[in-house]
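S.K.: Need coordinates for the following:
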Amino acid sequence: MEHGRNVPFAPGRQARNEADEPGRPIWLSLISGFELTLEGKPVALPMPARKLLAFLALRDRPVHRLYVAGVIWPDMPENRSSANLRSALWSLRRLGYPVVEANGHHLGLAADVAVDVHETITLAQRVLSDYDFGNTRPDYTLMAADLLPDWYEDWVILERERFRQLRLHALEVVCERLTAAGQFAHAIDAGLAAVAGEPLRESAQRLLIKAYLAEGNLVEAVKEYSSYRTLLMDELGLEPSTEIGHLIQQVRSCRNP
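M.R.: Below is the predicted model of the structure:
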């Protein structure tokens with residue numbers, strides 16, 4: 001659910017420069033939108049080929065051809081969906097790069113294809129498993145954007161929500177740990193990204209407000225709380241929890257002894 005909040009950095013596209021690195025000639029981006037780059041150059045593909053690549057990239061194992069065709073084109077008879085699959089495979093073979101591996105009746109993404117979603121999931125899982133930041137901070141820019149936001153197929157919606165929940169939890173952890181480490185600017189960036197992903201998510205709002213308070217930005221903390229309270233009342237007819245309200249009451253008590 002988006003409510004017009006701006007993320008304070010441009011997510012997604014930064015990591016696509018990695019396709020220029022040696023040993024990474026094929027880079028598939030699904031975060032913020034679909035893009036395939038070969039040797040650092042974007043490649044135009046027809047929609048059936050895009051759907052096939054995205055579908056295979058979101059599976060952790062090879063899948064049967066008939067299953068692929070049936071899920072990607074569910075409203076078509078089997079002969080039509082199979083024809084679409086053959087057309088998509090033909091378009092991908094013309095690239096001259098091995099992006100899909102075919103093994104009998106099964107299809108899978110080629111091992112040489114690097115995928116931004118895979119790397120972001122790995123990063124998020126590291127963050128959530130008590131990964132020690134040390135004096136560094138994780139590159140959380142890809143965690144600030146949705147998976148294929150303009151695609152509305154059922155199989156995309158399911159994976160997008162799963163990815164969204166993972167990245168929001170990870171962003172909250174980043175915000176909390178960077179606040180504790182005194183890296184307030186980056187903590188607030190991560191908190192704003194989490195709030196932009198779901199403005200009604202109280203855990204994200206609470207951690208962002210705590211980051212503002214730790215930095216000494218009391219006015220920003222109160223403004224964030226006021227905006228959240230208004231949004232929550234307008235959308236759900238609810239008041240914020242006593243936990244997040246208590247944070248603001250402490251601020252007001254300090255300002256008005």
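S.K.: Please work out the average pLDDT along stretch 37-49.
M.R.: Mean pLDDT, stretch 37-49: 94.
S.K.: C-terminal to the longest helix belonging to the chain, what's the next element?
M.R.: Longest helix in the chain by number of residues (criterion: DSSP state H): helix 154-180. Once helix 154-180 ends, the next helix or strand along the chain (criterion: DSSP states H and E) is helix 184-197.
S.K.: Please name every helix or strand in contact with that following helix.
M.R.: helix 154-180, helix 202-215 (3 or more CB pairs under 8 Å, 6 or more residues apart in numbering; DSSP states H and E). C-beta here means a position set from N, CA and C on the backbone, and glycine is covered the same way.
S.K.: Now do the buried residues in stretch 56-68.
M.R.: Residues Leu56, Ala57, Leu58, Arg59, Pro62, Val63, Arg65, Val68 are the ones in stretch 56-68 that count as buried (16 or more other CB atoms under 10 Å).
S.K.: err, stretch 104-120, not the other one
M.R.: Neighbour counts over stretch 104-120 (16+ other CB under 10 Å) mark Leu107, Gly108, Leu109, Val113, Ala114, Val115, Asp116, Val117, His118, Thr120 as buried.
S.K.: Contacts for that stretch, please.
M.R.: For stretch 104-120, the external contacting residues (CB atoms under 8 Å, 6 or more residues apart in numbering) are 12, 15-16, 18-19, 24-31, 52-53, 56-59, 61-66, 68, 89, 97-101, 142-143, 147, 163, 167.
S.K.: Among these, which ones are in strands?
M.R.: Members of the contacts of stretch 104-120 lying in strands (criterion: DSSP state E): Ile26, Trp27, Leu28, Ser29, Val63, His64, Val100, Glu101.
S.K.: number of nearby residues for the last one?
M.R.: So the one you mean is Glu101. When neighbours are defined as other CB atoms under 10 Å, Glu101 has 15 of them.
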